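Asks: Need a 3D model of the following:
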Amino acid sequence: MACDSYMVQLTLDGMQATERLARVLAGCLRKGDFIALAGALGAGKTTLARCLVQTLVPGEEVPSPTFTLVQAYDAPGLRIAHADLYRLRSEREIVELGFDEALEAGVLIVEWPDRMGGLMPADRLDIILEVDDGVEERRTKIIGRGAWAERLRGLHRARSLS
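Replies: Take a look at the predicted model:
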């Protein structure tokens, strides 16, 4: 019987480690994948999302979607939607963003996923970034939930995340 969740903890000790994680994750993305990026302001959520998108769409400019709320990118065979929910306050506002359609078309990467409340999908990859002031390294928890649990376990066993 498969577990409901699987967690890996690692340290991202700079941009190269963040890019390496993004490459590994990008290599296993599928339509319908939901990636939740959590952490304080400045923890590196947008940086990780940018690295992930640029892995799949090299050379693409990837601005923070703080003000646009959602940015979309077309990768070969996959559409990527990158959302930032920091400014939203209600689930109704989130429903209006069309996340169901984004998941049908490809991958949805969400910063500040806690704003989703009960709208958060059960099958998802949670990435929680923690950083101390003045320190470049990020303590990172990656939690595969539902269908992502076994995928994350496989990546960890293959040492793809080390």
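
Asks: Now do the strands in the chain.
Replies: 5-12, 34-38, 70-75, 78-84, 106-111, 124-130, 138-145 (DSSP state E).

Asks: buried set for the lowest-mean-pLDDT helix or strand in the chain?
Replies: Ranking every helix and strand in the chain by mean pLDDT, DSSP states H and E puts helix 91-95 at the bottom, with a mean of 84. By 16 or more other Cβ atoms under 10 Å, the buried positions in helix 91-95 come out as Ile94. All C-beta spots, glycine's among them, are computed from the backbone N, C-alpha and C.

Asks: Only the C-alpha atoms, please, for it, written as PDB.
Replies: What follows is helix 91-95, C-alpha atoms only, in PDB (Å, rounded to 0.1, in the frame of the first residue of the first chain):
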ATOM      1  CA  GLU A  91     -11.000  31.500  -2.000                       C
ATOM      2  CA  ARG A  92     -13.500  33.100  -4.300                       C
ATOM      3  CA  GLU A  93     -10.800  35.300  -5.800                       C
ATOM      4  CA  ILE A  94      -8.700  32.100  -6.400                       C
ATOM      5  CA  VAL A  95     -11.600  30.300  -8.100                       C
END
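
Asks: for it, the distance to its chain's centre please.
Replies: The chain centroid and the centroid of helix 91-95 are separated by 19 Å under Cα atoms, centre = their mean, to the nearest Å.

Asks: How about residues contacting it?
Replies: Helix 91-95 has contacts (Cβ atoms under 8 Å, 6 or more residues apart in numbering) with 85, 88, 115-119.

Asks: Please indicate which of the residues you listed are buried?
Replies: Listed as buried from these are 85, 88, 115-116; burial here means 16+ other Cβ under 10 Å.

Asks: how about stretch 79-90: buried residues?
Replies: 79-85, 88.

Asks: and if you look at stretch 122-140?
Replies: Buried, per 16+ other Cβ under 10 Å, within stretch 122-140: 124-129, 131, 138-140.

Asks: Taking those residues, tell me the two that lie furthest apart.
Replies: Spatially, the most separated pair among the buried residues of stretch 122-140 is Arg124 and Val131, at 22.1 Å (Cβ to Cβ).
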